[in-house]
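Chemist: whatever this is, show me its structure:
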Amino acid sequence: MVAVVHQSKSLRGTLNYNEQKVKLGFAECLEAGFYPMEAADMTFHQKLRRLELLTELNQRTKYNSLHVSLNFHPSEQHSDDQLREMAEVFLDKIGFAGQPYLLYKHTDAGHPHIHLVSTNIKADGKAISMHNIGKHKARPACVEMEKEYGLVVANSKENSLHDRVKPVNVQRALYGRMETKRAMNGIINVVSDQYKFTSLAQYNAVLGLYNIVADTGADGSRVKKHEGLVFRVLDADGNKVGVPIKASDFASKPTLKNLQEKFAKNEALKQAHKARLTNAVNMAFLNGVDNLEGLKKALQQKGIDLVVRQNADGVIYGLTYVDHDRKTVFNGSELGKAFSAKAILERCPNIAASEGKKQNGKTQKPGMAGHANAGEKRGFLPEFREVAGLDSGMLRAAETLLVDGEAGTGMDWELKRTKRKKKKRVRLSPD
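Modeler: The predicted model follows:
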């Protein structure tokens, strides 16, 4: 059994994610623990209000929402009563005994799993500590329950992946699948609240992994004129589709003004995490990586997505590193010269002169990076593994809106020098 623990500021967003799954037929609310009514007899607002009454007792606690998914081996088929029992036992083991909670059984993945929604604010107004709850409480609880219930033991690789990357607790934003705002809300809340980015381009590097983009509008547009910001869903080709949603309509209020304040604060907060990224890149090359695709895969094993920025001709001009473990975003040049796009391509001898240019007669699309953008299922985000009707083409990521932090490399400079030298020799040959 593997537990994936996520804490949030938004009870509404967390509950809405699960209730939306119920509406779509992908989930069922099995239990409303320590509620005065049965789950089937309550509305969305009644379920939410029970938890909100507790959070109102403590306005100081930043994160007051607990969202846990318990994932079982595909061979395990537990009855609803067994799932109810294991859910309550798990909450007791992590220190949430007596807290009101909602239990959902999800059926949209290739493995059985349940979701638990609760709050860490107790009836006396005190907060249950959730610091490192995944490592210090959830993992030991899983080990104990594997023995108590005879569950399939999760191997160390699975544990490390689930602990390293916390899931974004909403479905990937799929145009046409659900109301645009509902599909985008949870992703935007989590990225805006938890990731440390210092520019709109970096913010979009994370959002792009989930087919969303923050748009400042075209030159001369009303949005641009009033310094506004809207969010758009992106299709498989990175095109903006659907109705734009104003930033102020989302719970986390990711307006351009608020984001710019975050940029300044995050600059200092993320600096301590540079070393993890530089070490991960250096170790990948020491272990024999010699091309960009190999580097992406090596970094993915560390919970890091490498977002490649390309122009319309498919030429790479920048790299952005998204660390899902430390929730930080860096441009290559921020990490140092050796980690810029130009330097990384030079460290990849197999593709340094041609990476990002036309391959097999086709130009590679801009912005493709990471599991989500390589046409693969995102291995470390179990909620996104199987969405009904989702084909691999929908997993391609978005082209980021703005370029910042790195000068474009244009084309390989060694290749340019070689061409100039050849021309010079031709002109001088008659002498």
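
Chemist: which neighbouring elements make contact with the stretch of helix or strand Lys262 belongs to?
Modeler: Under the criterion of DSSP states H and E, Lys262 resides in helix 256-269. Here helix 256-269 touches helix 200-207, going by 3 or more CB pairs under 8 Å, 6 or more residues apart in numbering; DSSP states H and E. Every residue, glycine included, has its C-beta placed from N, CA and C.

Chemist: got the angle for the helix it packs on vs helix 256-269?
Modeler: If you take axes from the mean of the first three to the mean of the last three CA atoms, to 10 degrees, helix 200-207 sits at 90 degrees to helix 256-269.

Chemist: what is helix 200-207 packed up against?
Modeler: By 3+ CB pairs under 8 Å, 6+ apart, helix 200-207 packs against helix 180-194, strand 212-215, helix 256-269, strand 316-323, strand 328-331.

Chemist: pLDDT on that helix, on average?
Modeler: The average pLDDT within helix 200-207 is 93.

Chemist: please name the bridge partners of Val5.
Modeler: Applying DSSP bridges to Val5 gives these bridge partners: Val68.

Chemist: export the helix holding Lys262 as PDB, just CAs?
Modeler: Output in PDB follows, covering the C-alpha atoms of helix 256-269 (Å, rounded to 0.1, in the frame of the first residue of the first chain):
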ATOM      1  CA  LEU A 256      -0.700  39.400 -12.100                       C
ATOM      2  CA  LYS A 257      -0.200  41.800  -9.100                       C
ATOM      3  CA  ASN A 258      -0.300  38.900  -6.600                       C
ATOM      4  CA  LEU A 259       2.000  36.800  -8.700                       C
ATOM      5  CA  GLN A 260       4.600  39.600  -9.000                       C
ATOM      6  CA  GLU A 261       4.600  39.900  -5.200                       C
ATOM      7  CA  LYS A 262       5.300  36.100  -5.100                       C
ATOM      8  CA  PHE A 263       8.100  36.500  -7.600                       C
ATOM      9  CA  ALA A 264      10.000  38.800  -5.200                       C
ATOM     10  CA  LYS A 265       9.400  36.700  -2.100                       C
ATOM     11  CA  ASN A 266      10.300  33.400  -3.900                       C
ATOM     12  CA  GLU A 267      13.700  34.700  -5.200                       C
ATOM     13  CA  ALA A 268      15.200  34.200  -1.700                       C
ATOM     14  CA  LEU A 269      13.100  31.200  -0.700                       C
END
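
Chemist: flag every buried residue along that helix.
Modeler: Under the neighbour-count criterion of 16 or more other CB atoms under 10 Å, helix 256-269 has 256, 259, 262-263, 266 buried.

Chemist: for the stretch 251-400 of the chain, what spans make up the helices?
Modeler: Ranges of helices within the stretch 251-400 of the chain are 256-269, 274-286, 292-300, 332-335, 341-346, 370-373, based on DSSP state H, counting those that start in this stretch.
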